[in-house]
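Dropping the sequence and predicted coords here.
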Amino acid sequence: MTTDKVDKIERARLLAMFIHLGEKRRNGEDYLVHPERMVSKMQDTYSEDRKRRSATDPNWRATREWISNNGDLTCATWLHDVLENCKPEQRAAVFSTIQSFFPLKVEGLVFCLTHDNSQTYNEYIDSVSQYPDAFKIKCVDMFDNLTDNPTEKQTLKYRNACIYLITKGVEIPKFLKDELEI
């Protein structure tokens with residue numbers, strides 16, 4: 001791993017830690033476990049090298065290698081909720097920090113993943129689905145949220161959004177369809 005990639009990923013983790021400080025998930029865990037689990041799920045799900053190698057060695061895990069080779073995606077995964085979860089008066093400063101310390105791709109992914117409440121959820125998810133890397137992160141986000149005591153309303157929202165996308169010809173990952181029983 002190059003120093004630049006390590007520093008960038010560590011900056012993303014630290015910014016997420018700062019923004020989510022004191023936040024809890026529905027199950028009482030610190031909020032930071034959510035993006036941490038997501039980074040792991042991203043590498044487990046999308047690492048082609050892992051899939052190839054695991055065919056011959058099922059215990060092989062490429063976490064550090066995958067993260068190193070997918071630094072921008074990893075950063076955006078860590079930061080995917082920071083704009084939505086920060087205080088409204090901090091939003092401009094947080095966005096400016098992202099612009100200053102991360103590549104344009106990370107900025108774009110985080111912005112794309114931030115749900116603007118002027119959009120319906122289906123409009124939002126349709127927009128996200130237009131960007132493959134953002135859609136990967138969003139699918140993993142929905143999956144992880146479904147493992148954290150989701151409300152019936154949240155589960156229904158995700159199921160309806162996925163069905164909506166399927167009718168538009170968007171392929172939903174198997175792990176998410178299975179979780180939603182679609």
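Thanks, I have the structure now.

Kindly provide the distance from the spatially most central residue of the chain to V106.
When Cα atoms, centre = their mean is applied to the chain, the residue found nearest the centroid is I137 (3.5 Å). For I137, the distance to V106 (Cβ to Cβ, to the nearest Å) stands at 11 Å. Quick note: C-beta positions are derived from backbone N, CA and C, even for glycine.

now V94
13 Å.

With D30 instead?
Relative to V106, and taking Cβ to Cβ, D30 is found at 23 Å.

and these two? which has more neighbours close in?
V106 (24 against 14; other Cβ atoms under 10 Å).

buried ones in the one helix or strand that one maps to?
Assigned by DSSP states H and E, V106 belongs to helix 104-113. Within helix 104-113, the residues that count as buried by 16 or more other Cβ atoms under 10 Å are V106, E107, G108, L109, V110, C112, L113.

give the contact list for the last one.
Contact analysis of L113 by Cβ atoms under 8 Å, 6 or more residues apart in numbering lists A76, H80, D81, V128, A134, I137, K138, D141.

tell me how far the ends of stretch 70-87 are from each other?
29 Å (Cα to Cα, to the nearest Å).

same thing with stretch 139-152?
Stretch 139-152: ends 18 Å apart by Cα to Cα.

Then stretch 169-180?
Taking Cα to Cα as the criterion, the two ends of stretch 169-180 lie 18 Å apart.

List the buried residues of it.
Those would be I172, P173, L176, K177, E179, L180, for stretch 169-180 by 16+ other Cβ under 10 Å.

so how far is that stretch off the chain centroid?
Distance of stretch 169-180 from the chain centroid (Cα atoms, centre = their mean, to the nearest Å) equals 15 Å.

ditto for stretch 35-51
That offset, for stretch 35-51, works out to 11 Å (Cα atoms, centre = their mean).

Now do it, average pLDDT.
The average pLDDT for stretch 35-51 rounds to 80.

Give the buried residues for that stretch.
35-47, 50.

Among those residues, find me the one that's closest to N149.
Among those, R37 lies closest to N149 (Cβ to Cβ), at 14.3 Å.

just checking, that closest one touches L146?
No - using Cβ atoms under 8 Å, R37 makes no contact with L146, being 12.0 Å away.
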